[in-house]
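Undergrad: Could you look at this predicted model? Sequence included:
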Amino acid sequence: MQTILRYLGTVAAILLTVYIVPGVAVTGGWLSVLLAALVWSVITLLIKPVLRILTLPITILTFGISALIINALLFWLLALVVPGFEIAGFWSALLGAIVLSILSWLIHIVL
C-alpha cells in the first residue's frame, strides 16, 4: 500500500512540475504521466545513488552544484526515455528537476 501511495505521490509531483515549470510538457496524456512517474522512480532508485557515489569528490569540490546538474541530466534522461514527456532545454530540465525534487519531498512527507 505504501508503495502505491509513493507512486501516486510521484505522479502528482510530476503533474505539478508540468504546470509550474515552463518548458516541461506532457503531450501524451495520462499514460505518459504514469510512465514518467514509473521511470523517474526507477531512475531515483537505481541510477541516482550510483551517480552520487561516483561523483562525490566533484560534488564536494563544487559545494553541491554538480549534484544539481546531475539531477537535471537525469530529468532530461526521463524526457528521452518517455514518449510524450518533453523538456525544452537544459534550463527547463534544471528548474524542473529542482521543482520535482521539492514537490516529491513535500508530498512524500504528507503521505
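TA: Looks like it came in fine. None of the values given here were measured: they were computed from a predicted structure.
Undergrad: tell me which element the nearest residue to I47 once chain neighbours are set aside is part of?
TA: Ranked by CB to CB, 6 or more residues apart in numbering and with sequence neighbours excluded, the top spatial neighbour of I47 is L74, at 6.6 Å. In this view, the C-beta of every residue, glycine as well, is placed from N, C-alpha and C. Per DSSP states H and E: L74 is located in helix 65-81.
Undergrad: tell me which residues in that helix are buried?
TA: 66-67, 69-72, 74-79 (16 or more other CB atoms under 10 Å).
Undergrad: Mind jotting down where the helices sit in the protein?
TA: 2-20, 30-42, 48-54, 56-61, 65-81, 90-110 (DSSP state H).
Undergrad: Now S104. Nearest residue, chain neighbours left out?
TA: Among residues not flanking S104 along the chain, A13 sits closest, at 4.3 Å (CB to CB, 6+ apart).
Undergrad: Quick check: the gap between that neighbour and V21.
TA: Separation of A13 from V21 (CB to CB, to the nearest Å) stands at 12 Å.
Undergrad: ok, now V42?
TA: For V42, the distance to V21 - CB to CB - is 21 Å.
Undergrad: returning to what we had before: contacts only, for the residue nearest to I47.
TA: Applying CB atoms under 8 Å, 6 or more residues apart in numbering, one finds that L74 lies in contact with 43-44, 47-48, 51, 97.
Undergrad: Check it and give its pLDDT.
TA: Note for L74: predicted pLDDT of 94.
Undergrad: swap in V110?
TA: pLDDT, read off for V110, is 88.
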